[in-house]
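S.K.: Below is the structure, and that's it, no one-letter string:
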C-alpha cells in the first residue's frame, strides 16, 4: 500500500504566526537597541515558539481498518475504560503532548463526524488520568468507513488555555487530516470499540498521522 498525503498547510502552524511574529520582532528590536547578548533570551524565546508551532508534513498509510495516532507524544494509557460519550465499554488510548511535541492534531480514521461535545473544565497536568474527566476538553465522535465508532478527545493541560477544532458535525473527513490544535501542552484520548486490537504500548512515543496505534479485528 502506498501512503496518501493529506497535507495542504505551511510547515509552521497558522496558530503560531502571531506568536512567532511578536517574538521575532521583539528579539530584533532588542538586538538593535541593546546588542546581541542582551537580546539572546528573546531569540531563545523565538526559537522555542517556532519549534512549538512547527507542523511537519506527514504521509498517511492507506492500510485498511487501522487507526493512526491523533497526536505526537507519549502513550500514557492503554487499556479498557468506560467511554463517557457513547456509554460503552471501550479500549482507551491516551497520548500526552509535552511542550516540545508537535501540537497539531490529526484524525485517527476516515469517516463522518457524527457529533461534537465541548466541555469546559479545569487545567490539571494532562499526563494525569484525572485530566480526562476534569479538564477542559473537546470530543469528536467519528463513524468510520467500516462502521466502527471512534471518539477522539482533545484535552487541555496544565498550561494549555485554548483548544482549537476545525471540523463540523456531518462532515466527511480523512484519516490523518489535520483538524485541530491545542496550546500549550495537553493530551488526546481515543475511545475505540472492543473490536480494536492495540499495537501501542505504554511509554511508546508516536507521531500524529504516521504511526499506527492498532487495527479493528474482522
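M.R.: Done, it's in. The model shown is predicted, which means the values in this text are computed figures rather than measured ones.
S.K.: where does this structure dip in pLDDT?
M.R.: 1-10, 121-134, 157-161, 184-185 (pLDDT under 70).
S.K.: Can you show me the helices along it?
M.R.: 17-34, 36-52, 131-134 (DSSP state H).
S.K.: tell me the most buried of those helices?
M.R.: helix 131-134 (a mean of 18; mean count of other C-beta atoms under 10 Å). C-beta: built from backbone N, CA, C; applies to glycine.
S.K.: Next one: the closest residue in space to residue 28 that isn't next to it in sequence from residue 30, what distance?
M.R.: Excluding the flanking residues, the one nearest residue 28 by C-beta to C-beta, 6 or more residues apart in numbering is residue 39, at 7.9 Å. Remark: distance between residue 39 and residue 30 (C-beta to C-beta, to the nearest Å) = 4 Å.
S.K.: check contacts around residue 13.
M.R.: 53-55, 103-104, 181 (C-beta atoms under 8 Å, 6 or more residues apart in numbering).
S.K.: Specify the beta-bridge partners of the residue lying closest to residue 205 once chain neighbours are set aside.
M.R.: Leaving aside its sequence neighbours, residue 205 sits nearest to residue 74 (C-beta to C-beta, 6+ apart; 5.6 Å). With DSSP bridges as the criterion, residue 74 is bridged to residue 96, residue 205.
S.K.: In this structure residue 74 contacts residue 202, no?
M.R.: No: judged on C-beta atoms under 8 Å, residue 74 makes no contact with residue 202 at a distance of 9.0 Å.
S.K.: So for those two, which sits in the more crowded spot?
M.R.: Ranked by neighbour count (other C-beta atoms under 10 Å), residue 74 and residue 202 place residue 74 first, with 18 against 12.
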